[in-house]
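Participant: next input, structure requested:
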Amino acid sequence: MALTAAVQFENPMVLFHSIDAGMPELPSSLRVYLCGDQDELVESWMDCGGVILLHASTYTERLLKIQDHIAQTAPDAAVVVLLNYPDMRTDRLLEAGVQEVITHDTDVVSAIKTAKLRKERECVLQTFVSFDVLTQLANRQLFQDRLEHSLEQHKRQRKELALLVFDIDRFFRINEEYGHAVGDSLLLQVSDRLKIATRKADTLARIGGNTFAIVAENLQAANNVSIIAEKICGLFHEAFDLNGEEIHLSVSLGAALSKQSEYDPNKMIHDAEQAMQEAKQMGRNSYVLYKALRPEDRIRGSLERALYQALANDQIFMEYQPQVTMDGKHITGVEALMRWNHPIFGSVPPDQFIPVLETTGLIESFGMWGLTAACAQFKEWLDSGIVSSDARVSVNLSPRQFHQPNLAEQILNALDETGLPAKNLTLEITESMVMENQKEAAETLAQLRFEGIAIAVDDFGTGYSSMAYLKVLPVDYLKIDREFVKDIVVDSSDKAIASSIIHLAHSLQLGVVAEGVEGAAIQSMLQELGCDQFQGYHFARPVGAADIPAVCEGCV
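Facilitator: Numbering: from 1, shown residues only. Just a heads-up that it's a prediction; the model follows:
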């Protein structure tokens, strides 16, 4: 950037810009640098400081816009406005952050000194109100103000702005292990690195305990945000010093773009924070750029909101699919399946709402409701003789349910409440649930099995398939997944897999239930391979409780 010196003295430097032709008579005691436009003014101030002097014949909206730009991009700069003619609207300039407005060039020197002192006092006071005490970065209030102001400017100019929000991963462990004083020391080191890596025109803020944000202005291209994000993540590749000990930190970063967020500050913060949460799920030192919700994401959001009221509004109910011996003559039990009938969405498939229950945490309350409802219904059928005394109701447990510390207690309470004997209940789990924590799983399953509850491994063969856990965990049944069943007649590989599962189960004295049996040929093949029970459309689809007596009639 080329700066033209009009006069050079040791007094305060003046960065001069006139929006009218010509230049006023300025005192020779000033060092004056002529700047061609508002951007050059700001760049010059960032390079060498000084006081900004704006000149115009009289007040104009253009003058106000220039001041707005200075206040946003160089908020610590002292500004003096020199007008040739007085104007009643100069209060607008003072409200916009100008320190002094004068109408005589003979007042320039005193106005510059006054503006400089006034701005210095403002900065000191502002530090207490708008800056983080520890890091001296902008606090959340100042960050919010700057973001809103920047978005207004960028919207008018149709320019792109990026917001980056990032957390230091697992920082709470630092505080727990070393104490908050050490944590503060590390936060200072982090902020020092960020200050060096951030442009002066951008706003760097600490908006939470270990959460930082950057408002990156005037991006030349939308993909520049990726460059900034990679630069931030790269700052954490080098270890931090902790009293001579090396500590490695990482960040999870989310970014949002102003155009995509419709220049709405609240939406932009929400979008960036949502992207940051996605980055956390990806692992350490990751960043995610926010993408607008796809139609399926909006549907998922609607489902999530509706689910919170689904139980209270009696929209959730249970269906039951019979399990029978391989000859199809005797019903051995039923699998209880949760269903949702929404007044607007209609029948919502389980593979759409069950994952939402899992991620929101609602699965714990919904799952226990389903277990209790299934146990109560099966007790009625037992008492009425609709099912045999040794039949069982199978209920699926989700991963989140299974890892509740008081799971066994809750299940036994449900049995006590409904009066269903433990020997008439089977709990279905998956291989992945077991493999997450085998010790915890073994203790929970042993407690349940001790009470007489049976355990089935659902979708066997599709998960980790580590045979070792079958030796140590108390399991009663393996369920062959429908993927290995549906083509068993025509696919020799599926036949071999099903045969191996059946042989393995029988060798370990376990029962075998085949899922998804949809034809007589499949039933016959499984019977030939020695399978014990099956369920599927070939015998009966899942039906409501009222239809079970008819399905079971003559087949108990």
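
Participant: for the closest residue to Val190 other than its chain neighbours, name its beta-bridge partners.
Facilitator: When the adjacent residues along the chain are set aside, Val190 lies closest to Ile168, with 6.7 Å between them (CB to CB, 6 or more residues apart in numbering). C-beta: built from backbone N, CA, C; applies to glycine. According to DSSP bridges, the partner residues bridging Ile168 are Val251.

Participant: can you tell me how far Ile168 is from Asn243?
Facilitator: Remark: distance between Ile168 and Asn243 (CB to CB, to the nearest Å) = 19 Å.

Participant: compare the two (neighbour count), which wins?
Facilitator: It is Ile168, of Ile168 and Asn243, that has more neighbours when counted by other CB atoms under 10 Å, with 20 against 8.

Participant: packing partners for the longest strand anywhere in the chain?
Facilitator: Across the chain, the longest stretch assigned as strand under DSSP state E is strand 331-342. Packing contacts for strand 331-342, counted by 3 or more CB pairs under 8 Å, 6 or more residues apart in numbering; DSSP states H and E, involve helix 295-310, strand 316-325, strand 346-348, helix 350-360, helix 363-384, strand 392-396, helix 548-552.

Participant: redo those as TSV? Include mean neighbour count, mean pLDDT and distance to Arg193.
Facilitator: Formatted as TSV, these follow (neighbours: other CB atoms under 10 Å; pLDDT from 0 to 100; distance: least, CB to CB, whole Å):
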stretch	mean neighbour count	mean pLDDT	distance to Arg193
helix 295-310	14	69	35
strand 316-325	21	96	51
strand 346-348	12	88	48
helix 350-360	16	85	34
helix 363-384	19	95	41
strand 392-396	25	96	49
helix 548-552	17	92	66
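
Participant: include distance to Ala498 when you put the ones you listed into JSON lines, please.
Facilitator: As requested, the helices and strands packed on strand 331-342 are exported to JSON lines (distance: least, CB to CB, whole Å):
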{"stretch": "helix 295-310", "distance to Ala498": "34"}
{"stretch": "strand 316-325", "distance to Ala498": "17"}
{"stretch": "strand 346-348", "distance to Ala498": "31"}
{"stretch": "helix 350-360", "distance to Ala498": "23"}
{"stretch": "helix 363-384", "distance to Ala498": "28"}
{"stretch": "strand 392-396", "distance to Ala498": "20"}
{"stretch": "helix 548-552", "distance to Ala498": "26"}
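
Participant: contacting residues around the closest residue to Ala221 other than its chain neighbours?
Facilitator: Spatial nearest neighbour of Ala221, excluding adjacent residues (CB to CB, 6+ apart): Glu160 at 7.7 Å. Applying CB atoms under 8 Å, 6 or more residues apart in numbering to Glu160 gives the contacts 154, 218-219, 221-222, 257-259.

Participant: go again using 7 Å as the cut-off
Facilitator: By CB atoms under 7 Å, 6 or more residues apart in numbering, Glu160 lies in contact with 154, 219, 222, 257-259.

Participant: phi and psi next, for it.
Facilitator: phi -100, psi 140 (degrees, to the nearest 10).

Participant: quick check: bridge partners of it?
Facilitator: Here Glu160, judged by DSSP bridges, has bridge partners Leu219.

Participant: can you get me a residue count around the closest residue to Arg482 other than its chain neighbours?
Facilitator: Of all residues not flanking Arg482 in the chain, Gly516 sits nearest, at 2.7 Å (CB to CB, 6+ apart). By the measure other CB under 10 Å, the count of residues near Gly516 is 18.

Participant: and of the helices and strands packed on strand 331-342, who's closest to Ile522?
Facilitator: strand 316-325 (13.6 Å; CB to CB).
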